[in-house]
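>>> Provided below for reference: sequence and predicted model.
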Amino acid sequence: MLYFTGNVLTGFDLTNINKDGLSLIKQGEISITINFKEQLAEPVNVIVFTVDQTLLTIDAQNNVSITP
């Protein structure tokens, strides 16, 4: 959904639930890669919301670590 001010809000449900309501995936990886046609004139903010039983941290050098 594109807003007139240039902001974009997109949602994804990445759950893998079969017809009986049981999750089939027990472990795995999800990555986000964003490529732009041209270099951005201003920084952008990306907000990721996840429901999980782990702690996700991003340090000042943009290193991501996950603690179970």
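Cool, got the structure. Keep in mind that what you see is a predicted model, and the values were worked out from it rather than measured.

>>> and the most centrally placed residue in the chain, what element?
The structure's the chain has its C-alpha centroid closest to V48; by Cα atoms, centre = their mean the separation is 4.3 Å. Of the helices and strands defined by DSSP states H and E, none includes V48.

>>> And for the closest residue to it other than its chain neighbours, the neighbour number?
The spatially closest residue to V48, leaving aside those adjacent along the chain, is I32, at 7.0 Å (Cβ to Cβ, 6 or more residues apart in numbering). Backbone N, C-alpha and C define where each C-beta goes, glycine included. A count of neighbours around I32, defined by other Cβ atoms under 10 Å, yields 6.

>>> I32 reaches I47, doesn't it?
No: contact criterion Cβ atoms under 8 Å: I32 and I47 do not qualify, at 11.2 Å.

>>> What spatial separation is found between the residue nearest to V48 and T10?
11 Å (Cβ to Cβ, to the nearest Å).

>>> cool, D59 as well?
Note on D59: its distance to T10, by Cβ to Cβ, is 26 Å.

>>> In contact with the nearest residue in space to T57 that is not next to it in sequence: list those residues for me.
Nearest residue to T57, sequence neighbours excluded (Cβ to Cβ, 6+ apart): S65, at 5.3 Å. Going by Cβ atoms under 8 Å, 6 or more residues apart in numbering, S65 touches L56, T57, D59.
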